[in-house]
Structures are given as structure tokens and as C-alpha cells.
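J.: What shape does this take:
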Amino acid sequence: MFKVNEIIPNAHDLDIWSVAWHGGVLATGSLDQTVRLWRPGQGLGQVAAKQGQAQGQPQAGGAQSLKGHSLGVVSVDVRSDGLRVA
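T.: Residues are numbered from 1 along each chain as shown. Predicted coordinates for the structure are as follows:
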């Protein structure tokens with residue numbers, strides 16, 4: 001059984017179509033043409049900036065927002081070490 005530990009209102013501007021999780025990194029892809037990276041309970045904005053892997057601005061709720069997609073993002077994946085997202 002799953003338990004909801006955290007709810008972040010308005011995490012994306014439109015529906016979330018894809019979620020990937022690995023190594024404490026949660027990536028969400030949305031029809032709003034963004035990928036957002038999270039570290040549940042901590043936020044991921046600080047981690048992505050520290051690792052220098054993500055280009056984007058930290059958002060409310062601690063997410064790092066990756067913009068520039070020309071269509072909605074319907075698939076995301078996180079590399080096993082948590083350093084890259086595709």
C-alpha cells in the first residue's frame with residue numbers, strides 16, 4: 001500500500017504525465033512543457049545547482065524547473081546515480 005507523504009499544490013501548470021524516481025531524485029514531466037526535479041521532503045533546487053547538471057531556476061516547493069521543450073513532456077527517466085535526467 002502506498003502512503004502520500006507530501007502534496008505540493010500547483011507543482012506544474014498543467015497535468016503531470018510522467019514520473020521517474022531513483023537515488024532520492026524525483027523527476028516529473030508535464031504538458032506544461034517542463035521537467036521538474038524534486039527531492040521529496042527537501043526540494044531538489046539546491047542539489048541540482050550544486051551538482052551543476054541542471055539548467056533552470058529553483059521553483060516554489062524546492063523544485064528545479066527545466067524549460068525549453070517544444071511540446072509537453074510525456075516521458076522522463078533518472079540515471080541510476082541521480083546525476084542526469086532524460
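
J.: Any idea how many residues pack against the closest residue to Leu71 other than its chain neighbours?
T.: Nearest residue to Leu71 in three dimensions, chain neighbours excluded: Gln33, at 6.6 Å (C-beta to C-beta, 6 or more residues apart in numbering). C-betas here are computed from N, CA, C, even on glycine. If you count neighbours by other C-beta atoms under 10 Å, Gln33 ends up with 17.

J.: which stretches of this structure have low pLDDT?
T.: For the chain, applying pLDDT under 70 flags the ranges 42-63.

J.: Gly82 and Thr34, how far apart?
T.: As defined by C-beta to C-beta, to the nearest Å, Gly82 lies at a distance of 19 Å from Thr34.

J.: no, scratch that, I was asking about Val73
T.: 7 Å.

J.: now swap in Gly68 and tell me
T.: Distance, Gly68 to Thr34, using C-beta to C-beta: 9 Å.

J.: where exactly do the strands run in the protein?
T.: Here the chain has its strands, by DSSP state E, at 16-22, 25-30, 35-38, 57-58, 64-66.

J.: In CSV, list those along with mean neighbour count and distance to Ile7.
T.: Shown next, in CSV, are the strands of the chain (neighbours: other C-beta atoms under 10 Å; distance: least, C-beta to C-beta, whole Å):
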stretch, mean neighbour count, distance to Ile7
strand 16-22, 15, 13
strand 25-30, 22, 13
strand 35-38, 26, 12
strand 57-58, 14, 19
strand 64-66, 22, 18
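
J.: now those as TSV including distance to Glu6?
T.: TSV is the format used below for the strands of the chain (distance: least, C-beta to C-beta, whole Å):
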stretch	distance to Glu6
strand 16-22	13
strand 25-30	10
strand 35-38	9
strand 57-58	17
strand 64-66	16
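
J.: wouldn't Ala27 be in contact with His12 here?
T.: No - assessed by C-beta atoms under 8 Å, Ala27 is found out of contact with His12, at 11.9 Å.

J.: Show me whatever sits in contact with both of the two.
T.: Arg36 (C-beta atoms under 8 Å, 6 or more residues apart in numbering).
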